[in-house]
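Novice: quick one: sequence plus predicted model below, questions after.
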2 protein chains.
Amino acid sequence: MTTDIHDHEVNIRENSGSRIPVRERILMAAGELFCKQGIRGIGVEAIAEAADTNKMTLYRYFESKDELIAEWVRGMVAQKEEQWKDLKAKHPDDPHGLLKDWSQRTAAKLRAMEERGSALGNALAELPDPSHPARRVIQDHKAREHKRIMRLCKEAGFQDPGLAANLFSMLLEGAHSCVQCVGMRQIGEDLVKVVDLMIANTRNERRPRL
Amino acid sequence: MTTDIHDHEVNIRENSGSRIPVRERILMAAGELFCKQGIRGIGVEAIAEAADTNKMTLYRYFESKDELIAEWVRGMVAQKEEQWKDLKAKHPDDPHGLLKDWSQRTAAKLRAMEERGSALGNALAELPDPSHPARRVIQDHKAREHKRIMRLCKEAGFQDPGLAANLFSMLLEGAHSCVQCVGMRQIGEDLVKVVDLMIANTRNERRPRL
DNA sequence: CTAAAATGTTACCGGTCGGTAACATTGGGG
DNA sequence: CCCCAATGTTACCGACCGGTAACATTTTAG
């Protein structure tokens, strides 16, 4: 350990020393390691080291590992919620455009994703305890997301908005699972195509088939 | 601990003493606990106790916990593979009927499922280590399954069989994820509806819309 | 019945992990 | 310059877990 500046720490340290606040660094390192190694597969000590700090400091910012997990999840949820706001602002009163844009963004994320599927989905799989603080955060977010999709489907003029919303949910979650299962990172393209077909079917135009 | 016959052991013991072979009992108990508590959330000792035996006997049948996991996964995969054979035998040269039956069976399973999603999917999430013996088993199975679906889609006369196959995969995986995320156990009904729509769209009949 | 095979019991090992205490060090602002 | 706050260091604790050894007990088969 003569020079312990590992490559993956370059992202965390700024050019001139460590400028990002400790708490954020810990959250970032935790996120990266949770995704790569699994939540239960990484220890707090390793997280602290990856964040270029130590366990004590970590525990000065987070009550426990479970709370760290919950905070990380809260951050991701907030980010996703923000992206929904962006979409809504960018496509006011245009549910079709919004849905298309949404599918395209999702496809882009899927393309950039390596091996492991959705972080939130994996977290649910890794934290079966119903009383875990992170579970409610995830489930509430998923519930809100489904409600939003449902409202969008109503606005978009689907004959059966409930069916359409559930279909969208299945497609969204399923695309992530497929990446993890078969490594199909290009599946986002098909997601986009299907969403386009669904929207085209909503209009009274010539209805393309699968 | 005067009488330590717990309720959930009734399934494992036969009416007249324990008649199921030890190895199978262990596999069953492991499966149940892996699903409920998570693979990493349960210890071998607890598994042995649930199987109405002890750790030593468990280790006489399985080299390690990882091998036990792998064996459990192999069993589930074999079971699923068997169900595919059943389907194929039941619907020879009738891809449409096969797909419909398949979606209906899946829906029934989803309805019976509580809280946690697909065991195989969760296992992938819980075992990020690419060298874990269970991973290859799962991924190979998923790859075979996708190939089967692809072939079916070709036989079923979809214009773009690749797209249709990926759509089916997304629906299948997504339905399981949705159960875990939002607890929508009734989503199988929508899966059936969508599959029916897709198949109807294949034919030159009047094309219903979403 | 008896010998051998299968199963149970207990105790233990080494390692890891989450979490804490006590103390040393650093660094920035008055 | 000095003090206080933030951070680092070290050592430690108790709990759990995967896995093994040695020995006792039960079951099965001939």
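Specialist: Received, thanks. Numbering: from 1, shown residues only, chains lettered A, B, ... in the order given.

Novice: walk me through the domains of chain A.
Specialist: Under automatic domain parsing, the residue ranges defining each domain of chain A are A:7-61, A:74-202.

Novice: reformat these into CSV and put mean pLDDT, distance to residue B:50 and mean neighbour count next to each item.
Specialist: C-betas here are computed from N, CA, C, even on glycine. Below are those laid out as CSV (pLDDT from 0 to 100; distance: least, C-beta to C-beta, whole Å; neighbours: other C-beta atoms under 10 Å in any protein chain shown):
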stretch, mean pLDDT, distance to residue B:50, mean neighbour count
domain A:7-61, 85, 20, 16
domain A:74-202, 96, 16, 18
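
Novice: the biggest helix by length in chain A close to chain B?
Specialist: Ranked by number of residues, the top helix in chain A under DSSP state H is helix A:65-90. No - using C-beta under 8 Å from any C-beta of the partner chain, helix A:65-90 stays clear of chain B, with a minimum separation of 12.6 Å.

Novice: right, is that helix up against DNA strand D?
Specialist: No - on the criterion C-beta under 7 Å from any atom of the strand, helix A:65-90 is out of touch with DNA strand D, staying 11.9 Å away.

Novice: which helices and strands does that helix pack with?
Specialist: Contact here means 3 or more C-beta pairs under 8 Å, 6 or more residues apart in numbering or on different chains; DSSP states H and E; on that basis helix A:65-90 packs against helix A:22-37, helix A:44-50, helix A:95-112, helix A:119-126, helix A:133-155.

Novice: returning to what we had before: how about the domains of chain A, which one is nearest residue B:127?
Specialist: domain A:7-61 (7.6 Å; C-beta to C-beta).

Novice: circling back: so which of the domains of chain A comes closest to residue B:179?
Specialist: Ranking those by their distance to residue B:179 (criterion: C-beta to C-beta) puts domain A:74-202 first, at 9.8 Å.

Novice: mind checking how far that closest one is from the chain centre?
Specialist: 9 Å (C-alpha atoms, centre = their mean, to the nearest Å).

Novice: go on, stretch A:33-48?
Specialist: 18 Å.

Novice: looking at the domains of chain A, which is closest to residue B:43?
Specialist: Of all those, it is domain A:7-61 that lies closest to residue B:43, at 12.8 Å by C-beta to C-beta.

Novice: redo the domains of chain A as TSV? Include distance to DNA strand C.
Specialist: TSV is the format used below for the domains of chain A (distance: least, C-beta to the nearest atom of the strand, whole Å):
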stretch	distance to DNA strand C
domain A:7-61	3
domain A:74-202	11
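
Novice: contact partners for residue A:157?
Specialist: Residue A:157 sits next to A:95, A:202 when contact means C-beta atoms under 8 Å, 6 or more residues apart in numbering or on different chains.

Novice: where does it sit: helix, strand or coil?
Specialist: At residue A:157, secondary structure determined by DSSP: H, G, I helix; E, B strand; the rest coil is coil.

Novice: what about the residue of chain A found nearest chain B, which helix or strand?
Specialist: Residue nearest to chain B within chain A: residue A:174 (2.7 Å; C-beta to the nearest C-beta). Taking DSSP states H and E as the criterion, residue A:174 maps to helix A:161-182.

Novice: can you give me the angle the very next helix or strand once past that helix makes with helix B:161-182?
Specialist: Using DSSP H and E, the helix or strand that follows helix A:161-182 in sequence is helix A:187-202. With axes from the mean of the first three to the mean of the last three C-alpha atoms, to 10 degrees as the basis, helix A:187-202 and helix B:161-182 are set at 90 degrees to each other.

Novice: what about the domains of chain A, which gets the closest to residue B:22?
Specialist: Taking the domains of chain A one by one with C-beta to C-beta, domain A:74-202 is closest: 26.2 Å.

Novice: reformat the helices and strands packed on helix A:65-90 as CSV; add distance to residue B:135.
Specialist: As requested, the helices and strands packed on helix A:65-90 are arranged in CSV below (distance: least, C-beta to C-beta, whole Å):
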stretch, distance to residue B:135
helix A:22-37, 14
helix A:44-50, 22
helix A:95-112, 20
helix A:119-126, 14
helix A:133-155, 24
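
Novice: among these, which comes closest to residue B:52?
Specialist: Closest approach to residue B:52 among the helices and strands packed on helix A:65-90 (C-beta to C-beta): helix A:119-126, 27.9 Å.
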